[in-house]
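**Student:** below are the sequence and a predicted model; questions follow.
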Amino acid sequence: MRALSDITARATRRTSVTMPGISRGLGVVGVVLLVWAGPLQAAPEGQVTWAASVSIAPTWFDPAESPGIVTPFVYLFALHDALVRPMPGNSMAPSLAESWTVSKDGLIYEFVLRKGVLFHNGDSVTAEDVKFSFERYKGAAAKLLKDRVREIRVVDPLRVRFTLKEPWPDFMTFYATPATGAAWVVPKAYVQKVGDDGFKKAPVGAGPYRFVSFTPGVELVLEAHDRYWRKVPNVKRLVFRVITDEATRVAMLRKGETDYASNLLGPLAEDVKRTPGLRLAVVHIPATFWIDFAAEQWDPKSPWADRRVRLAAALAIDRKGISQAETLGFSKIASSIVPSTFDFYWTPPPYPYDPVQAKKLLTEAGYPHGFDAGDYSVDAAYASVGEAVSNYLRAVGIRTKVRPLERAAFIGQWREKKIRNILQGGAGGLGNAATRIENYMISRTAFVYGTYPEMEDLFVQQDREPDRKKREAILHQIQRIAYEKVMFAPIFELAFLVGVGPRVEEPALGLIDHFPTPAPWEDVRLKRQ
């Protein structure tokens, strides 16, 4: 039987690959076949190296700790599998579960697992593992999920039943998409044997690749799981090499020392685009960037407590200029932290680039000469974006100092609310407007320093509203309040630029809608020598 990547149709709606004088689609796959590839498929061979722009954190090997951003799913898609997850052409495809049903009253969700699916250690995937994985989950939206689930029960070894306390229209959005890691399944017996720390050191999953080794700050090595239920991976070994310097990633791509150079920005992306034999993939993902005023917005003594100051910051940014400089103009300017491709997105009026009005607002707020705003904390991988934003703020009188942090440290400090002054927020997790609002606007969640009571009341209302149009109206109202109060100063929706080397025939970029890296990893294919 032919492999999925050999028979899927191509489109150019969201992803393109450019070569000198050539443009061809990598886009969204139109069909999805969830089938066993069969014994006739060739054994996996060769090695693919991904040059990662950020250090790899061991917490990203454990789906239970998913923070609701897209980065951990780069590794989860290789190591693990979920009951339901995005696949080519289907944002909510059956995976470890071959099917599921929902009761007429919307209270019971029952999943039927596939027969014969194995973890890397040979243990069978069972309903008990599903129950265990959900109960140990403590990542993004964990409280929301567990507050809404009355009971999870093992019906038989291949059948698990969730009973909700009341109908919840977004159960599958929060459970079965990468908005959370709650549906990703780990082996109960193994985790209980080695403990949570032991699991991070040597994770065992049910995904297409098994763990071989991890050297912190250097590389992660995985090998093909030749009994993976969907298909045997084409490539035998995956190596995720940590190369935080962008120029070094490009140099390695030129020399053939890596097959992918991730997260390219500015001139180096242009350089790859012009280089014969290399390709530049442009993947549009739901990753929004914004100025987050953090605790400052809620401190009455801070300049940022004044809406006029926050609006001045929003008007000070030349979003189009930053997109052009950083991502060759491919990133879409934003007026919201909710991606424009999400369900229930409300289209806000755009913020113009208006430094004159920004200075006027600062004067009205009592800061005619501006003010010192302290640190501007950023994910180090996007420090250049932070520098550009900081320069625009400084031009109107808001003086900041860019403070780059490695991604794991940045996320950790943000979650623990240890970041002071302001920060450059960013999120690429999937879901819909409700999942993004829940993570960044509702006070019960990790990344939120404060919110408005009316927004929380509205969120509870939409959470229980079965009528889609009424839900949409409520979610639009929440987004409108955030916009009118200038809770954030949005920057852009990121276009993720990846350099692809000459050995790669099928890069698997853009096969799964909105995903920034190759996925499914088992579909990556090298050229025959």
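**Tutor:** Looks like it came in fine. Residues are numbered from 1 along each chain as shown.
**Student:** C-alpha only now, for contacts and for neighbours.
**Tutor:** Will do.
**Student:** residue ranges with poor pLDDT in the stretch 351-500 of the chain?
**Tutor:** Within the stretch 351-500 of the chain, the set of residues satisfying pLDDT under 70 is empty.
**Student:** for the stretch 1-150 of the chain, same thing?
**Tutor:** Residue ranges of the stretch 1-150 of the chain with pLDDT under 70: 1-41.
**Student:** all the strands of it, residue numbers only.
**Tutor:** In the stretch 1-150 of the chain, the strands defined using DSSP state E, counting those that start in this stretch lie at 15-19, 22-25, 47-52, 84-87, 90-94, 97-102, 108-113, 149-156.
**Student:** and what of the stretch 401-529 of the chain?
**Tutor:** Counting by DSSP E, counting those that start in this stretch, the strands of the stretch 401-529 of the chain are 422-427, 488-500, 504-506, 525-526.
**Student:** how near is residue 334 to residue 401?
**Tutor:** Between residue 334 and residue 401 the computed distance is 23 Å (Cα to Cα, to the nearest Å).
**Student:** what about those two, which has more around it?
**Tutor:** residue 334 (25 against 16; other Cα atoms under 10 Å).
**Student:** OK, contacts around the residue lying closest to that one once chain neighbours are set aside?
**Tutor:** In space, residue 334 comes closest to residue 492 once its chain neighbours are excluded; the distance is 4.5 Å by Cα to Cα, 6 or more residues apart in numbering. By Cα atoms under 8 Å, 6 or more residues apart in numbering, the residues touching residue 492 are 288, 289, 290, 319, 323, 331, 332, 333, 334, 335.
**Student:** at 6 Å instead, please
**Tutor:** Residue 492 makes contact with 288, 289, 332, 333, 334 under the criterion Cα atoms under 6 Å, 6 or more residues apart in numbering.
**Student:** what's the farthest-apart pair in the residues you listed?
**Tutor:** Within the contacts of residue 492, two members stand farthest from each other by Cα to Cα: 289 and 332, at 10.6 Å.
**Student:** do you know how far the nearest residue to residue 171 once chain neighbours are set aside is from residue 347?
**Tutor:** Spatial nearest neighbour of residue 171, excluding adjacent residues (Cα to Cα, 6+ apart): residue 145 at 7.7 Å. To residue 347, residue 145 is 28 Å away according to Cα to Cα.
**Student:** who's more crowded, those two?
**Tutor:** residue 145 (20 against 15).
**Student:** quick one, strands of the stretch 201-350 of the chain?
**Tutor:** Under DSSP E, counting those that start in this stretch, the stretch 201-350 of the chain gives strands at 209-215, 219-224, 237-242, 260-261, 279-292, 332-333.
**Student:** pick the most deeply packed of these.
**Tutor:** strand 260-261 (a mean of 30; mean count of other Cα atoms under 10 Å).
**Student:** show me the contact partners of that one.
**Tutor:** For strand 260-261, contacts defined as Cα under 6 Å, 6+ apart pick out 50, 51, 249, 498, 499, 500.
**Student:** please render those residues as CSV that adds neighbour count and distance to residue 61 to the earlier fields.
**Tutor:** Listed next are the contacts of strand 260-261 as CSV, based on neighbours: other Cα atoms under 10 Å; distance: Cα to Cα, whole Å:
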residue, neighbour count, distance to residue 61
50, 25, 17
51, 29, 18
249, 27, 23
498, 26, 23
499, 28, 25
500, 27, 25
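**Student:** of the residues you listed, closest to residue 262?
**Tutor:** Distance to residue 262 across the contacts of strand 260-261 (Cα to Cα) is lowest for residue 498, with 4.7 Å.
**Student:** next, count neighbours for residue 195.
**Tutor:** 11.
**Student:** could you say which helix or strand holds it?
**Tutor:** helix 188-201 (DSSP states H and E).
**Student:** what angle do that helix and strand 209-215 make?
**Tutor:** Here helix 188-201 points in a direction 40 degrees away from that of strand 209-215 (axes from the mean of the first three to the mean of the last three Cα atoms, to 10 degrees).
**Student:** buried residues, helix 188-201. List them.
**Tutor:** For helix 188-201, burial by neighbour count (16 or more other Cα atoms under 10 Å) applies to 188, 190, 191, 196, 199, 200, 201.
**Student:** same question for stretch 153-163.
**Tutor:** 154, 158, 159, 160, 161, 162, 163.
**Student:** which ones among those map onto strands?
**Tutor:** In this view, these that belong to strands under DSSP state E are 154, 159, 160, 161, 162, 163.
**Student:** check the chain for its longest helix and report it.
**Tutor:** Ranked by residue count, the top helix of the chain under DSSP state H comes out as helix 468-484.
**Student:** quick check: angle from that one to strand 488-500?
**Tutor:** 100 degrees.
**Student:** coming back round to it: any chance of the ones in strands among the buried residues of stretch 153-163 in JSON lines, with pLDDT too?
**Tutor:** As requested, these are exported to JSON lines (pLDDT from 0 to 100):
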{"residue": "154", "pLDDT": "98"}
{"residue": "159", "pLDDT": "98"}
{"residue": "160", "pLDDT": "98"}
{"residue": "161", "pLDDT": "98"}
{"residue": "162", "pLDDT": "98"}
{"residue": "163", "pLDDT": "98"}
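**Student:** now, which of those sits nearest residue 412?
**Tutor:** For those, the residue nearest residue 412 by Cα to Cα is residue 162; the value is 31.0 Å.
**Student:** please name the bridge partners of the closest one.
**Tutor:** Residues in a beta bridge with residue 162, per DSSP bridges, are residue 109, residue 152.
**Student:** contacts only, for it.
**Tutor:** Neighbour list for residue 162: 108, 109, 151, 152 [criterion: Cα under 6 Å, 6+ apart].
**Student:** and if you look at residue 426?
**Tutor:** With Cα under 6 Å, 6+ apart, residue 426 has these contacts: 288, 289.
**Student:** may I have the phi/psi pair for residue 358?
**Tutor:** Here is the backbone geometry of residue 358 (degrees, to the nearest 10): phi -60, psi -50.
**Student:** next, count neighbours for it.
**Tutor:** The burial count for residue 358: 25, using other Cα under 10 Å.
**Student:** again with residue 269
**Tutor:** Quick note: residue 269 (other Cα under 10 Å) scores 25 neighbours.
**Student:** next one, pLDDT for it please.
**Tutor:** Per-residue pLDDT puts residue 269 at 97.
**Student:** could I get the contacting residues of the residue nearest to the spatial centre of the chain?
**Tutor:** Centroid check for the chain by Cα atoms, centre = their mean gives residue 70 as the closest residue, at 1.8 Å. Residue 70 makes contact with 428, 429 under the criterion Cα under 6 Å, 6+ apart.
**Student:** against residue 62, how distant is it?
**Tutor:** Per Cα to Cα, residue 70 is found 14 Å from residue 62.
**Student:** can you say which of the strands of the stretch 401-529 of the chain is packed in most?
**Tutor:** Most buried of the strands of the stretch 401-529 of the chain, by mean neighbour count (mean count of other Cα under 10 Å): strand 488-500, with a mean of 27.
**Student:** residues near residue 341, how many?
**Tutor:** Count around residue 341 with other Cα under 10 Å applied: 12.
**Student:** now it. Nearest residue, chain neighbours left out?
**Tutor:** residue 286 (7.2 Å).
**Student:** tell me the predicted confidence for the one you found.
**Tutor:** 91.
**Student:** surely it is in contact with residue 428?
**Tutor:** Yes: using Cα atoms under 6 Å, residue 286 is in contact with residue 428, at 5.2 Å.
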